[in-house]
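Predicted model follows, preceded by the sequence.
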Amino acid sequence: MKNKAIYLIIVVLLVLFAYKFGANSKSNTSEITPVLTNESCSRAQPYTIAPEFVRALSLIRQREVESYQSVNQKPPDDIRNCLDVQYSDVKDKNSAEGLFVFDKNFASKEKLPILVDNSYKNYDDLLTALLLAHEATHARQYLNELNNKLHLGCFEKEENAFQIQMGFYMTLNQEEKNYITARLNQNDNSPQLVQLRELIDLFNNVGRTCGNDSVCFNDTWRKSISTMVRSSPFYQKECNL
């Protein structure tokens, strides 16, 4: 059981931040394609953002770097100086907890705005980091589009972001995971925990199905995330299905 758990963590770390979805136009499956991670943010100074956002982004970056170093790979560029994270009533307007807008009228290479719902003022740094791991992935996706590297479809963007979000959860230390587990066991219905519970259940089901078969695991995990996203009424509406 211990070896299996270690194996599952390694699988996630290998895809964490280092890979992204490439849509396969000849089939209904997705292939993992290496990321070109020189998105580059040339701002010398960060935007003025709330301290809790600074802490959350720092935690994400720390675990990102550690994950890459653990497999002797160069981490992606640090884009934190270009992330302009601000509170907003985004949930009332968009029924979302966080939002990155793929629109040149709002975003550019030097300004990557992320809106976080005002309710997160009452949340802790870990829940905020889980949200920002997802939204910052969209920021990187947008940079890839601006750099003409890869243009993902609407569903594929969300599938990729959820994989990265789950990957970030897997990098949490035991104390941090124990805290999250305690919140989950209390049936905490905060949106991030509800979503995380679903991701953990999917991940564990894939582990039980595939065991130590890495090909099975990667393929089944991607398909499970894809099914979750594409069956969601929220994302069906967002993606104009």
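Alright, I've got the coordinates.

What residues sit buried inside the helix or strand containing Tyr87?
Assigned by DSSP states H and E, Tyr87 falls within strand 83-88. By 16 or more other Cβ atoms under 10 Å, the buried positions in strand 83-88 come out as Leu83, Asp84, Val85, Tyr87, Ser88. No exception for glycine: its C-beta is placed from N, CA and C like everyone else's.

Specify the beta-bridge partners of the third one.
In this structure, Val85 has the following beta-bridge partners (DSSP bridges): Ile114.

which residues touch it?
By Cβ atoms under 8 Å, 6 or more residues apart in numbering, the residues touching Val85 are Tyr47, Ile49, Ala50, Phe53, Leu57, Pro113, Ile114, Val116, Leu132.

Export these to a markdown table and append columns for neighbour count, distance to Ser40 and pLDDT.
Putting the contacts of Val85 into a markdown table (neighbours: other Cβ atoms under 10 Å; distance: Cβ to Cβ, whole Å; pLDDT from 0 to 100) gives the following:
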| residue | neighbour count | distance to Ser40 | pLDDT |
| --- | --- | --- | --- |
| Tyr47 | 17 | 17 | 97 |
| Ile49 | 18 | 20 | 97 |
| Ala50 | 15 | 25 | 97 |
| Phe53 | 24 | 21 | 98 |
| Leu57 | 23 | 17 | 97 |
| Pro113 | 20 | 18 | 96 |
| Ile114 | 25 | 18 | 97 |
| Val116 | 27 | 24 | 96 |
| Leu132 | 26 | 20 | 97 |
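
out of the residues you listed, which are inside strands?
Pro113, Ile114, Val116 (DSSP state E).

where does the chain have low pLDDT?
The chain contains residues with pLDDT under 70 at 1-39, 241.

all strands for it, in order.
19-23, 30-34, 83-88, 98-100, 112-117.

on that earlier part again, and the buried residues of strand 83-88, which is closest to Glu145?
For the buried residues of strand 83-88, the minimum distance to Glu145 (Cβ to Cβ) is 16.4 Å, reached by Leu83.

Setting aside sequence neighbours, what's the nearest residue to that closest one?
Residue nearest to Leu83 in three dimensions, not counting chain neighbours: Leu112, with 5.2 Å by Cβ to Cβ, 6 or more residues apart in numbering.

got it, and Pro46?
Per Cβ to Cβ, 6+ apart, closest to Pro46 is Asn81, 4.6 Å.

burial of that neighbour, as a residue count?
Neighbour count for Asn81, taken as other Cβ atoms under 10 Å: 15.

How about Thr128?
24.

what do you get for Arg222?
20.

Surely it is in contact with Phe162?
No. With contacts defined as Cβ atoms under 8 Å, Arg222 does not count as touching Phe162, sitting 10.4 Å away.

Run through the helices of the protein in chain order.
2-15, 51-70, 90-94, 125-146, 154-170, 174-185, 191-210, 214-230, 233-238 (DSSP state H).

Sweet, I'm off.
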